[in-house]
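Asker: Below are the sequence and a predicted model for it; my questions follow.
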Amino acid sequence: MKNLISQSRNVVARLPHSRAVIIAMLLGQIVGGLLAYGAVAAQGEPNVVTIDNFTFGPKELTVPVGTTVKWVNHDDIPHTVANKDKLFRSAALDTDDSYSYTFASAGTFDYFCGLHPYMVGKIVVK
Amino acid sequence: MTKKGFEDRGRGLGRREVLECMVWAGTGVLWTVSGGVPHSVGLIGDALAAEPKGFTFLQMSDSHIGFDKAANPDALGTLREAVAIVKAMPVKPSFIIHTGDITHLSKPAEFDNADKVFGETGVRVHWVPGEHDIIDEDRGKAYLERYGRGSKGAGWYSYDDHGIHFIGLVNVVDLKGGGLGNLGAEQLAWLEADLKDRSNSMPIVVFAHIPLQVIYKDWGWGTEDGTQALSLLKRFGSVTILNGHIHQLAQKVEGNMTFHTARSTAFPQPAPGTAPSPGPMLVPADKLRTFLGLSTVNVVQGNQPLAIIDGTLAA
């Protein structure tokens, strides 16, 4: 995205001044849009699982070996992240607290909230 | 609800009529249980008009000390209000049963604050933990150090008072993924042994945090192996089961068993399935106290009726 923005700037630099202003205004919106897109993409980062409304999202996540997955709790109520096979277990995560775990080997890792065990999720490591 | 529903013609109310009463009267029905058959004897006003006979005890629940989010920025303040009601009671209850979630995050300061305020009642409190009370680093050690004296396992115990057998169960530890509340084999074996030599005529009161019966599975409101505990209790003539966890009243009578869940003194939770999650329910600040409360249980000696009266913190 950085490349795209710097290329746009080069294009603007080569144009006569009045046109450049109009294009810059248009570009401003485009760049703004791109930045907004970037922010959304960061939120939906493939290795982040959010907890909203007593639900892990995404419920199932596939990552390559060696990936660190981060869970972030957005609820008003604490939750935990506990692996079914007891490989990992977070402390209680209060509002906006997070927990990270690095998956060193391939496999399917089922987990749940130790306080509200009907909340379940899965990390598939390939 | 017609008057007909109250006429039991000497054979007791059927389960359907009992549930119908609840819908009609909301929180105000006074229940008695006698000979294993529940009878409704009137509304809360009638019940309060009469001096309590026999002995009374109080159920309080879900204090969530430390909770400071939008649904109630001052959970300690609303507990103080509830305790003020207890202190003002003309007849002090014999003791308080607290059905868990004393604290929000199991922090020492939260337990300290709760102890201080409950201490002001001058009434003994019998505790069981909620899932919020065992999330310290050592997963329950802080709770057991404070309240676990004389208990077994994760904090379960029983005692007798006024001819009634009281049993405090713990169904919030070692929960299994995808499951509900959990008692576990060790606790069930203990319960079986605890009940073994007791007469069928002895009234039983069981209290635990998560409802023993499944109220709403999608939100985990029930206990996985609760039916095993209930089957051990079936032979008794009068069984009352007091739970918390769901921050609202739910009452059900089934055969000789009366199920009751208490309000929280901290914040309300939505009725099953009426919100995306069971998280704290936001209500207008001036309405909050009508959603919070405590329950008085009145036990009349002799014919062993047992009545539960619910009150809110609102005047």
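Answerer: Yes, it's here. This is a predicted model, so every value here is computed, not measured.
Asker: What is the three-state secondary structure of residue A:122?
Answerer: The local conformation at residue A:122, judged by DSSP: H, G, I helix; E, B strand; the rest coil, is strand.
Asker: Now do the residue nearest to residue B:104 when sequence neighbours are not counted: how many residues are near it, please.
Answerer: Nearest non-adjacent residue to residue B:104, counting by Cβ to Cβ, 6 or more residues apart in numbering or on different chains: residue B:66, 3.7 Å away. Yep, even glycine has a C-beta here, placed from its N, CA and C like the rest. By the criterion of other Cβ atoms under 10 Å in any protein chain shown, residue B:66 has 21 neighbours.
Asker: Isn't residue B:66 up against residue B:72?
Answerer: No - the pair residue B:66 / residue B:72 is not scored as a contact, 11.4 Å apart, by Cβ atoms under 8 Å.
Asker: Residue B:114 belongs to a strand?
Answerer: No - per three-state DSSP, residue B:114 lies outside any strand segment and is helix.
Asker: who touches it in this structure?
Answerer: B:63, B:65, B:79, B:102-103 (Cβ atoms under 8 Å, 6 or more residues apart in numbering or on different chains).
Asker: what two of those residues are the furthest from one another?
Answerer: Spatial extent of these (Cβ to Cβ) is set by the pair B:79 and B:103 at 10.9 Å.
Asker: Need the overlap of contacts for those two.
Answerer: With contacts taken as Cβ under 8 Å, 6+ apart, the residues that reach both residue B:79 and residue B:103 are B:63, B:65, B:114.
Asker: Let me have these in JSON lines, extended by pLDDT.
Answerer: Below are the shared contacts of residue B:79 and residue B:103 laid out as JSON lines (pLDDT from 0 to 100):
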{"residue": "B:63", "pLDDT": "96"}
{"residue": "B:65", "pLDDT": "98"}
{"residue": "B:114", "pLDDT": "98"}
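Asker: so can I have CSV of those showing distance to residue B:96?
Answerer: Shown next, in CSV, are those (distance: Cβ to Cβ, whole Å):
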residue, distance to residue B:96
B:63, 11
B:65, 15
B:114, 12
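Asker: now, which of the residues you listed sits nearest residue B:228?
Answerer: Closest approach to residue B:228 among the shared contacts of residue B:79 and residue B:103 (Cβ to Cβ): residue B:63, at 29.1 Å.
Asker: tell me the contacts of the closest one?
Answerer: Counting by Cβ under 8 Å, 6+ apart, residue B:63 makes contact with B:75, B:79, B:98, B:101-103, B:114, B:264-266.
Asker: Tell me the one of the residues you listed nearest residue A:110?
Answerer: Checking the contacts of residue B:63 against residue A:110 by Cβ to Cβ gives residue B:101 as the nearest, at 26.9 Å.
Asker: Helix or strand: which one has residue B:205?
Answerer: Assigned by DSSP states H and E, residue B:205 belongs to strand B:204-208.
Asker: any low-confidence regions in chain A?
Answerer: In the predicted model, chain A carries pLDDT under 70 at residues A:1-45.
Asker: For it, just list every one of the strands.
Answerer: For chain A, applying DSSP state E gives strands covering A:48-52, A:55-57, A:60-63, A:68-73, A:82-83, A:98-102, A:107-112, A:120-125.
Asker: Next, format the ones you listed as CSV and append mean neighbour count and distance to chain B.
Answerer: CSV is the format used below for these (neighbours: other Cβ atoms under 10 Å in any protein chain shown; distance: least, Cβ to the nearest Cβ, whole Å):
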stretch, mean neighbour count, distance to chain B
strand A:48-52, 20, 8
strand A:55-57, 17, 7
strand A:60-63, 15, 14
strand A:68-73, 18, 11
strand A:82-83, 18, 7
strand A:98-102, 16, 13
strand A:107-112, 18, 3
strand A:120-125, 18, 5
